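Undergrad: Could you look at this predicted model? Sequence included:
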Amino acid sequence: MQMVSIVFHITNSVTINDCANITLALGGSPLMSYCKEELREILSFSSALVINIGTMESKMCEMVVEAGKLANELNVPVILDPVGAGASASRENLVKKLISNVKFAVIKGNLAEIKTIAGIKNENNKGVDSVEEFENSSSLAKELAIELESVIAITGKEDIVSDGKRVCKIKNGTPLLRKVTGTGCMTASLIGTICGAYREDIYEGATLGVVLMGIAGEIAEKSLTSEEGSGTFRMRIIDNIFNMTEEKIRENIKINFEN
Amino acid sequence: MQMVSIVFHITNSVTINDCANITLALGGSPLMSYCKEELREILSFSSALVINIGTMESKMCEMVVEAGKLANELNVPVILDPVGAGASASRENLVKKLISNVKFAVIKGNLAEIKTIAGIKNENNKGVDSVEEFENSSSLAKELAIELESVIAITGKEDIVSDGKRVCKIKNGTPLLRKVTGTGCMTASLIGTICGAYREDIYEGATLGVVLMGIAGEIAEKSLTSEEGSGTFRMRIIDNIFNMTEEKIRENIKINFEN
Amino acid sequence: MQMVSIVFHITNSVTINDCANITLALGGSPLMSYCKEELREILSFSSALVINIGTMESKMCEMVVEAGKLANELNVPVILDPVGAGASASRENLVKKLISNVKFAVIKGNLAEIKTIAGIKNENNKGVDSVEEFENSSSLAKELAIELESVIAITGKEDIVSDGKRVCKIKNGTPLLRKVTGTGCMTASLIGTICGAYREDIYEGATLGVVLMGIAGEIAEKSLTSEEGSGTFRMRIIDNIFNMTEEKIRENIKINFEN
């Protein structure tokens, strides 16, 4: 695919390379910076901004709030990946500050992270890879979407996306995606790339981003021999995004529209 | 394999992704942070802490000492990878500060690094990839283990692990492991994952971590075609950790117990 | 190949791992640091210094200028990769500061970046992956090489290298190289590794570095099946550098000497 989409990332140092490569694989142009002074200039020609707080620290905290405000001012859609939002008070505070200062086009997180944002007490939120099931994910997504005027994407065994009016449930993906770091971060990059190229319907863009990661993971898993494992799987995710076609999407998509 | 082990890493930016992925491949949960404010919260639910000083700078220096002390207080085993310990005064000072403030469960390094810790003058210690042979590695490991009350793992052509009482020599591995950056860092992550899950015998955990990297490297090297090289090899290390079984360990382990 | 070349990198966090691995693949030893205090010590045993400003921020700005000056003093060749030089005023200022304080053995960039250095107004310079064609690249390279007393390498569809006297045009490579982040950064690492080992002719070293990336990319692309994409391609670049031979270079090199 080829997308005219310059995706500015302020992201964690663990998966920054994967985020850049998956953006390129989908046909976008990644741009990474930690330089506060160039925020306005870079945002002035960016198609989307992805904020990922995975390895946030004090300097980054300031920068992401300012970047988000500037992006709002410049009408650049902002995607938030609130990694580990409930794991510490510092992360919770940063997310609160972001939410109250920035209007997000999309907020994508696992259930624990989205529940933190929704202010629901969540005692079992330990670490960034935990995903728990929750019966009312659809209502949570829908209500939070209305409250924040954002598209909410909750990833897990099944993924939920809602813009407050529409809700869909995506059943693509494989548990193997949790055995590679950054598949969540890369999903945010896919959403950023798509929403940067097609701003008309952010809900559809976010949904497609989530679907693409699921399908890429499924095809990658099927291709593995018994000698291959999570290392090869990681590489094939990028390959499958690179080779993604509308036909493959139509053939593999598993989605229920609940609205 | 599946381990209930949340491995908190404060590590270098070069190999941070590989460390996360190999922790996942072994069944653990990696967690990376550079945020001083959340140290106590994150450590309160961590199974182990891995400190790697590869790309240390002033801010990280403060953070690792504080993290190590907190981990000791919270009874979380701490693994030290003193990357390039003898290559500069700054690194030597940081290592000294760490050693005098933190009790390490395991210290894993190449001979030059461990000799620096032991205070032995070492004129040929240039760069992080140099590994020199040393006849008395076993005694060095044993004595240092007693002095510091830590398990000492010296990696090289042959690896030595000692807890001061027991000593073993591991002959697994391949020189190709030195052609990929981060195989040492990943070994520390394996040790952290195992020691986080099984705290009863840190010496056995550290030994198993070193053995696993050696065996994964051997199987990966054997699988390479003549067109494949260090890029494919790197990926297969992760694959082989992902597919590791007790049977493969029993079949491939090359270990001498010297005690 | 095996090169006695310790390549000190001060580089961006996006592609730092790839830069280390490609240096190792070519037989060199990578060394990465962000620690200002150890600059002199590390440079005293380094063969080359690669400065890449991809994820520059205020702290890095100070460090790279100081590192460049020290490298000049210690007679260590310095390679500059001015990533995104024209994309913001901050980057332009940093590059100007570098150019006026440090003598570079090699400056390698795409046309937009080199034009920024040459002070040519360049309105279309958006993002770090854009590469536009320019009829007078050869004269630009030659003139800038004379002005700065540096070897200038302009990468693009065709690559130009000049030392002010000699000029060559390299037609190796494939557009697929732009679908992987860091192929430019890795080219700088190859140049650093070679120029660190053979300092006699920096122009030949820089040319060989550019040629190697092109040939590695071509062989990698040919090897791809229809299921494979940019993920596999990235890994094979490293494999092909690892397996590079003089014979493969002779067979595949496409170079015109224009002088």
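TA: Now that the structure is in, tell me what you want to look at. None of these values were measured; they are calculated from a predicted model.

Undergrad: what does chain A put close to chain C?
TA: Selection of chain A residues close to chain C by C-beta under 8 Å from any C-beta of the partner chain yields A:6, A:13, A:16-17, A:20-21, A:24-25, A:29-38, A:41-42, A:45, A:223, A:234-243. For the C-beta atoms, the positions are set from N, CA and C on the backbone; glycine is no exception.

Undergrad: One more pass at 6 Å, please.
TA: A:6, A:13, A:16-17, A:20-21, A:24-25, A:29, A:31-32, A:34-35, A:37-38, A:41, A:45, A:235, A:238-239, A:242-243 (C-beta under 6 Å from any C-beta of the partner chain).

Undergrad: just the buried members of the residues you listed?
TA: A:6, A:13, A:16-17, A:20-21, A:24-25, A:29, A:31-32, A:34-35, A:37-38, A:41, A:235, A:238-239, A:242-243 (16 or more other C-beta atoms under 10 Å in any protein chain shown).

Undergrad: Among those, which lie within helices?
TA: Under the assignment DSSP state H, these contribute A:16, A:17, A:20, A:21, A:24, A:25, A:41, A:235, A:238, A:239, A:242 to helices.

Undergrad: My read is that the last one contacts residue C:230, right?
TA: In this case it means residue A:242. Yes: counting by C-beta atoms under 6 Å, residue C:230 is a contact partner of residue A:242 at 4.5 Å.

Undergrad: list the residues that contact both of these two?
TA: The contact sets of residue A:242 and residue C:230 overlap at residue A:25 (C-beta atoms under 6 Å, 6 or more residues apart in numbering or on different chains).

Undergrad: Please give the three-state secondary structure assignment for residue A:9.
TA: strand (DSSP: H, G, I helix; E, B strand; the rest coil).

Undergrad: For it, give the beta-bridge partners.
TA: For residue A:9, the beta-bridge partners are residue A:32, residue A:50 (DSSP bridges).

Undergrad: Look up the closest residue to the most centrally placed residue in chain A, ignoring the ones flanking it.
TA: Centroid-nearest residue in chain A, with C-alpha atoms, centre = their mean: residue A:188, separated by 2.3 Å. Leaving aside its sequence neighbours, residue A:188 sits nearest to residue A:81 (C-beta to C-beta, 6 or more residues apart in numbering or on different chains; 4.1 Å).

Undergrad: Kindly list the main-chain dihedrals of the one you found?
TA: phi -110, psi 100 (degrees, to the nearest 10).

Undergrad: who's in contact with it?
TA: By C-beta under 6 Å, 6+ apart, the neighbours of residue A:81 are A:52, A:108, A:188.

Undergrad: give me that answer again for 7 Å
TA: A:50, A:51, A:52, A:108, A:109, A:184, A:185, A:188 (C-beta atoms under 7 Å, 6 or more residues apart in numbering or on different chains).

Undergrad: do the same with residue A:155
TA: A:108, A:110, A:184, A:187, A:210.

Undergrad: same thing with residue A:212?
TA: So residue A:212 contacts A:190, A:241, A:244 (C-beta under 7 Å, 6+ apart).
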